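K.L.:
no letters, just coordinates:
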């Protein structure tokens, strides 16, 4: 299913083939409604398809079945579902819980926690915090040697740069000559 989802220029997941993704989600929901990992993938697919409320419901089902490691990913996905809907406050506890679980049960997933929390901070306009979190993610991802993850973090850092430039331009206009 990963080939059916890409990141857009704003670092948001988008479908590469909407019809194929719709079929893949339906297959996942038909095939294993009592297992956390397929439910999580189905929830992500629903989110990418813009079916956010359904995504949250399926992801909550996945969370109820998840072990601690899978729960890290599910919490990140639930955070994204809320963040994509503009509810940044509801996203926060999911990202925090993922980070807590990750430190105890899945340290190899730490870059994902920093990445998602950094993007949430960016959406909140907290660019200093966003940059610090994303730089941590970038360092870990470079060490992992995964070019696609490194590129995703570099894209997020570019978005931080753009947000800071917009804020500086707005402050200059407000300050006047």
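P.N.:
Looks like it came in fine. Note that the structure is a prediction, hence the values are computed from the model and not measured. Numbers count the residues shown, from 1 in each chain.
K.L.:
residue 88 contacts residue 125, correct?
P.N.:
No. Here residue 88 does not reach residue 125: they are 9.7 Å apart, not a contact under CB atoms under 8 Å. In this view, the C-beta of every residue, glycine as well, is placed from N, C-alpha and C.
K.L.:
which one's more surrounded, those two?
P.N.:
residue 88 (16 against 11; other CB atoms under 10 Å).
K.L.:
contacts made by stretch 56-69 with the rest, please.
P.N.:
By CB atoms under 8 Å, 6 or more residues apart in numbering, the residues outside stretch 56-69 that reach it are 29, 33-37, 39-40, 42-44, 46-47, 70-71, 74-75, 77-78, 81-82, 101, 104-106, 109.
K.L.:
so which bits of it are buried?
P.N.:
Burial within stretch 56-69, assessed by neighbour count using 16 or more other CB atoms under 10 Å, is assigned to 56, 58, 59, 61, 62, 63, 65, 66.
K.L.:
quick one, domains of the protein?
P.N.:
1-100, 106-177 (automatic domain parsing).
K.L.:
could those domains go into CSV alongside mean pLDDT?
P.N.:
Formatted as CSV, the domains of the chain follow (pLDDT from 0 to 100):
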stretch, mean pLDDT
domain 1-100, 93
domain 106-177, 93
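K.L.:
so which of those domains is the most packed in?
P.N.:
Of all those, domain 1-100 has the most neighbours on average by mean count of other CB atoms under 10 Å, namely a mean of 18.
K.L.:
from one end of that domain to the other, what's the distance?
P.N.:
Using CA to CA, to the nearest Å, one end of domain 1-100 lies 28 Å from the other.
K.L.:
how far out from the middle of the chain is it?
P.N.:
Chain-centre distance of domain 1-100: 9 Å, with CA atoms, centre = their mean, to the nearest Å.
K.L.:
what do you get for stretch 116-129?
P.N.:
Using CA atoms, centre = their mean, the offset of stretch 116-129 from its chain centre is 12 Å.
K.L.:
any idea how far residue 159 lies from residue 48?
P.N.:
Counting by CB to CB, to the nearest Å, the separation of residue 159 from residue 48 is 19 Å.
K.L.:
mind giving me the packing neighbours of the longest helix anywhere in the chain?
P.N.:
Ranked by residue count and defined by DSSP state H, the top helix of the chain is helix 147-175. Other helices and strands packing on helix 147-175, by 3 or more CB pairs under 8 Å, 6 or more residues apart in numbering; DSSP states H and E, are helix 110-123, helix 127-144.
K.L.:
what lies in contact with the last one?
P.N.:
Read that as helix 127-144. 110-112, 114-115, 117-119, 121-122, 149-150, 153-154, 156-157, 160, 163-164, 167.
K.L.:
let's see it at 7 Å
P.N.:
For helix 127-144, the surrounding residues in contact (CB atoms under 7 Å, 6 or more residues apart in numbering) are 110-111, 114-115, 117-118, 121-122, 149-150, 153-154, 156-157, 160, 163-164.
K.L.:
before I go, just wanted to say thanks for your time.
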